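Student: Whatever this is, show me its structure:
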Amino acid sequence: MNSSWQSCARWLSGLALGAFALAPVFGGRSAQSQPADSNPPRVTFNRDIAPIVFHACANCHRPEESAPFSLLTYADVKKHARQIAEVTRTRNMPPWLPAPQELAFTDEMRLPDAEIALIQKWVDDGAMEGAAPDLPPQPKFVEGWQLGTPDLILTAEKPLVLSPQGTDAYWNFVFPLPIQETRWVKAVEIRPGDKRYVHHANILVDRAESLRRREVAPGAGFGGMEIRIESQVFDPDSHLLFWKPGTVPYVEPDGMALRLDKGTDLILNTHLQPSGKPEIIQPSIGLYFTSQPATKLPMLLQLENDTKLDIPAGTKGFLVADEFTLPVDVQLLAIYPHAHYLGKDIQAFAVLPNGTSKTLIHIPQWNLNWQAVYRYAEPVLLPKGTRVALRYVYDNSDENPLNPNQPPQRVLAGNRSSDEMCHLWLQVLPVNYDPAQRDPRMVLQETLARHNVEKNPNDFEAHYNLAAMLQEKGHLDDAVREYETVLRIHPDDAVVNNAIASALLATGRAEQAVAYLKAG
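Tutor: Prediction:
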């Protein structure tokens, strides 16, 4: 990148989210495994149900975890037997939102129909315990750090005292990185503090230590639900660094390590749920290093259409859509949809250049409480010219049991949980490109910026990123015009004034540049 880009341009990046993998695929003996018999044996806990519960439930339903009760013994399970039959029948548990589809996800948590029927039959038969020799060993869980002791452990300098009032709280913990040289990270483990009060958490990578300015004192952290990070170089978000109850660390594939440099902060963005009394929250982050630098550079693309979120009270089928045409070949690695409590039917699909349509994800019964990052079992090739689209349907009626407003009220886009969002993150890896040509991630980002400014002419971030990329390409007159648009949105932004001045100086218009430098 040229010096003018590095000296004045500010890259505005979106939310970087956290690396994780879901719990193991659920096993256990299914009804189909029972021998054909005119008088089949009665279903028992020890032989038939324990294997299912140990795989599907115990990861969260055990002491010191997020679930409200343990399910490690026959007595535990029998106490909740009818409840378990009901929540598995309705597929509220285990929490797996996507419908079955051709493009499989890793570690799918969906119970087979046969296992759901087996649980129901066990309850109907009287929830018998069965013979002791039939009981498999209780699952063994790794206590402490899941991948062993991390190479570097970061702990929040000051704990947060979570207020007892309210239903949702958002807090950002700043973790300065004590490294003196570039390190490559193959896995990240988030330990968010007391899991009973943490809804989910994301890690953002702040390479300019910019967000620490929002702390009232070093280490104190700061509030806010969705935050943006500024950078003076093109360095788009690349990894989904995300935690929710039940997750285990995700080890990056060979060649896809996360780069961390000296002078970088990690920001842990947490969604907390008060308990009615003060709670102490002090999270930690464990980093596992590798000596192998990244040779593959993924990128996060965000589709969104929050400007269309104006949902009248009582509306049941409010549709919001967005679509984006890929300018290069990519492999789709992971997907993360996001809406709030009015979200109902969440879909994302791809239409390939030959007209073939692929469902990327379909969640027919969205539930914010069980949002997750979904990783594909195999990378999904999406060739240049593919249209990636989202279709989100919202239910703002009193028939939506998750509606935060009773009676329903008009809802707009916003960062509060009672507001709404329409976001879809895609982790993609550009492929089939000439490395001697322009960085394909920059091609993707410029195309996305043009898409966003066409969709929303007042999108400050998209206009700025487009201007910065035009300046980097040497299209200085176009960059100046784009910076002028940015300044019409935020006239007093110092960085934008300095950026346009730099572009003007590069074209020999020093007098005009001085005026912007004085304004900045």
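Student: going forward, measure contacts and count neighbours with C-alpha atoms only.
Tutor: Fine.
Student: Ala467: what secondary structure?
Tutor: Three-state call for Ala467 (DSSP: H, G, I helix; E, B strand; the rest coil): helix.
Student: What ranges does this structure have for its helices?
Tutor: Counting by DSSP state H, the chain has helices at residues 3-8, 50-56, 74-79, 81-89, 113-124, 440-455, 460-472, 476-489, 494-506, 510-519.
Student: Out of those, which one sits most buried?
Tutor: helix 460-472 (a mean of 24; mean count of other C-alpha atoms under 10 Å).
Student: Where does pLDDT dip in the stretch 101-250 of the chain?
Tutor: 226, 230-233 (pLDDT under 70).
Student: now the helices of the chain as CSV including distance to Tyr433?
Tutor: Listed next are the helices of the chain as CSV, based on distance: least, C-alpha to C-alpha, whole Å:
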stretch, distance to Tyr433
helix 3-8, 24
helix 50-56, 42
helix 74-79, 54
helix 81-89, 46
helix 113-124, 44
helix 440-455, 7
helix 460-472, 19
helix 476-489, 26
helix 494-506, 29
helix 510-519, 38
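Student: mind checking which of the ones you listed is nearest Asn369?
Tutor: Proximity to Asn369, assessed across the helices of the chain by C-alpha to C-alpha, is greatest for helix 81-89 (15.1 Å).
Student: For Gly223, find the nearest of the helices of the chain.
Tutor: Per C-alpha to C-alpha, nearest to Gly223 of these: helix 460-472, 21.3 Å.
Student: Would you mind listing the buried residues in stretch 249-258?
Tutor: Across stretch 249-258, burial judged by 16 or more other C-alpha atoms under 10 Å covers 249-252, 256-258.
Student: what does that stretch contact?
Tutor: Identification of contacts with stretch 249-258 by C-alpha atoms under 8 Å, 6 or more residues apart in numbering yields 19-21, 146-147, 184-190, 239, 290, 292-298.
Student: Narrow the residues you listed to those that are buried.
Tutor: Neighbour-count burial (16+ other C-alpha under 10 Å) is assigned, among these, to 19-21, 147, 184-190, 239, 290, 293-294, 297-298.
Student: leaving aside the residues next to it on the chain, what's closest to Pro98?
Tutor: Once flanking residues are discounted, Pro98 sits nearest to Ile363: 4.6 Å by C-alpha to C-alpha, 6 or more residues apart in numbering.
Student: In this structure that neighbour contacts Gly343, no?
Tutor: No - between Ile363 and Gly343 there is no contact, the gap being 9.9 Å when judged by C-alpha atoms under 8 Å.
Student: Compare the two (neighbour count), which wins?
Tutor: Just comparing Ile363 and Gly343: by other C-alpha atoms under 10 Å the higher neighbour count belongs to Gly343, 28 against 19.
Student: quick one, what contacts Ser417?
Tutor: By C-alpha under 8 Å, 6+ apart, the residues touching Ser417 are 168, 340-341.
Student: For those residues, pick the one with the most neighbours.
Tutor: The most crowded member of the contacts of Ser417, judged by other C-alpha under 10 Å, is His340 (25 neighbours).
Student: For it, give me phi and psi.
Tutor: phi -110, psi -150 (degrees, to the nearest 10).
Student: Isn't it up against Asn415?
Tutor: No - the criterion here is C-alpha under 8 Å, and His340 misses it with Asn415 at 9.6 Å.
Student: quick one: common contacting residues for these two?
Tutor: Met421.
Student: residues making contact with stretch 431-450?
Tutor: Stretch 431-450 is contacted from outside by 234, 236, 299, 301, 324, 326-331, 430, 462-463, 465-466, 469, using C-alpha under 8 Å, 6+ apart.
Student: Could you turn the buried ones of the residues you listed into a PyMOL selection?
Tutor: In PyMOL, a selection of the buried entries from the contacts of stretch 431-450 looks like this (16+ other C-alpha under 10 Å):
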select buried, resi 234+236+299+301+324+326+327+328+329+330+331+430+462+463+465+466+469
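Student: Keep only those of the contacts of stretch 431-450 that are in strands.
Tutor: Among the contacts of stretch 431-450, DSSP state E puts 299, 301, 324, 330-331, 430 in strands.
Student: Adding distance to Ala499 and pLDDT as columns, could you present those in JSON lines?
Tutor: Below are those laid out as JSON lines (distance: C-alpha to C-alpha, whole Å; pLDDT from 0 to 100):
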{"residue": "Met299", "distance to Ala499": "25", "pLDDT": "94"}
{"residue": "Leu301", "distance to Ala499": "25", "pLDDT": "95"}
{"residue": "Phe324", "distance to Ala499": "28", "pLDDT": "95"}
{"residue": "Val330", "distance to Ala499": "31", "pLDDT": "98"}
{"residue": "Gln331", "distance to Ala499": "34", "pLDDT": "98"}
{"residue": "Pro430", "distance to Ala499": "29", "pLDDT": "96"}
